[in-house]
Each structure stands twice: as C-alpha cells, then as structure tokens.
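Undergrad: output the structure for:
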Amino acid sequence: QVLLVESGGGLVQAGDSLRLSCAASGRSFSSYGIGWFRQAPGKEREFVAGISGSGDRSSYADSVKGRFTVSRNNNKNTVTLQMDSLRPEDTAVYYCAATPGEAATVAIWYDYWGQGTQVTVSS
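TA: Here you go, the predicted structure:
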C-alpha cells in the first residue's frame, strides 16, 4: 500500500513557475516508478512526466519537455515536479501516481493515486 499526497498547486500567470510535490507513505518507495498526470475539464487524463524508482531515468510528454523537470528524493519519500514557463494550456488538476517497476505513460498501469492538486495558469 502506498499513500500519495500532492501539494504545491495554485494560481499563477503565464510564464511563472510552480513546484509540485508528491509525498509518499508506505514501504519500499524506491521500488515504485512515479508518474505525474494531469486532467483538464472535459479532457482525458494525460501523462506529463515519469521517473524511475532509482531516479536515474525520466520521461516527459512532448508538450512539457524542456519546461518541466521531475526528480525524487527516496530518503524523504518525495517526488517533485518543477514547472517553468507555464502556459494557460497547462491548467489542470495534477496527480502523482505510483506503479511497481518502471514509470509508464499509461494511467491504467498505476496502482496508487493521490487526490490531485489544482494548477491554474492565467494569460
């Protein structure tokens, strides 16, 4: 069992930055790949970024590549999503999720989800 809690969302202007955090509780955190997903109103949940259990591999959606950075601290059981140069189209509820093994880009592969945090980017 892994419990995930996101924090750090808010209302910002286009071009600003935000840092989202995902705090995990449970055993063997480093054995889980962590993914960040987002869901905007009326749209399907989409993959944003993922990081391997050890933190040495990461992947990004094309829409955020070069602007977002995912990292993790296994000593503190946390994963961070640094979001720079935010755009109005980044507005969504952001979720972190955990899957045994490698982080995947498909939501159905994830077993555990946080409750989400709202990110709103105004133009």
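
Undergrad: rest of the way, CA atoms for contacts and neighbours
TA: Will do.

Undergrad: ok, now which ones touch the residue nearest to the spatial centre of the chain?
TA: The chain has residue 36 as the residue nearest its centroid, 2.5 Å off, counting by Cα atoms, centre = their mean. By Cα atoms under 8 Å, 6 or more residues apart in numbering, the contact list for residue 36 reads 47, 48, 49, 50, 81, 94, 95, 96, 97.

Undergrad: report the buried members of the residues you listed.
TA: 47, 48, 49, 50, 81, 94, 95, 96, 97 (16 or more other Cα atoms under 10 Å).

Undergrad: so which of those residues comes closest to residue 41?
TA: Within the buried ones among the contacts of residue 36, proximity to residue 41 (Cα to Cα) peaks at residue 94, which comes in at 11.9 Å.

Undergrad: buried ones in stretch 37-51?
TA: In terms of neighbour count (16+ other Cα under 10 Å), stretch 37-51 has its buried residues at 37, 38, 39, 40, 45, 46, 47, 48, 49, 50, 51.

Undergrad: for residue 22, which non-adjacent residue is closest in space?
TA: Computed as Cα to Cα, 6 or more residues apart in numbering, the closest residue to residue 22 that is not its neighbour in sequence is residue 6, at 4.4 Å.

Undergrad: hmm, the one you found is touching residue 119, no?
TA: No: in this structure, residue 6 is not within contact of residue 119 by Cα atoms under 8 Å, at 11.5 Å.

Undergrad: contact partners for the closest residue to residue 87 other than its chain neighbours?
TA: Once flanking residues are discounted, residue 87 sits nearest to residue 14: 5.0 Å by Cα to Cα, 6+ apart. Residue 14 makes contact with 85, 86, 87, 88, 121, 122, 123, according to Cα under 8 Å, 6+ apart.
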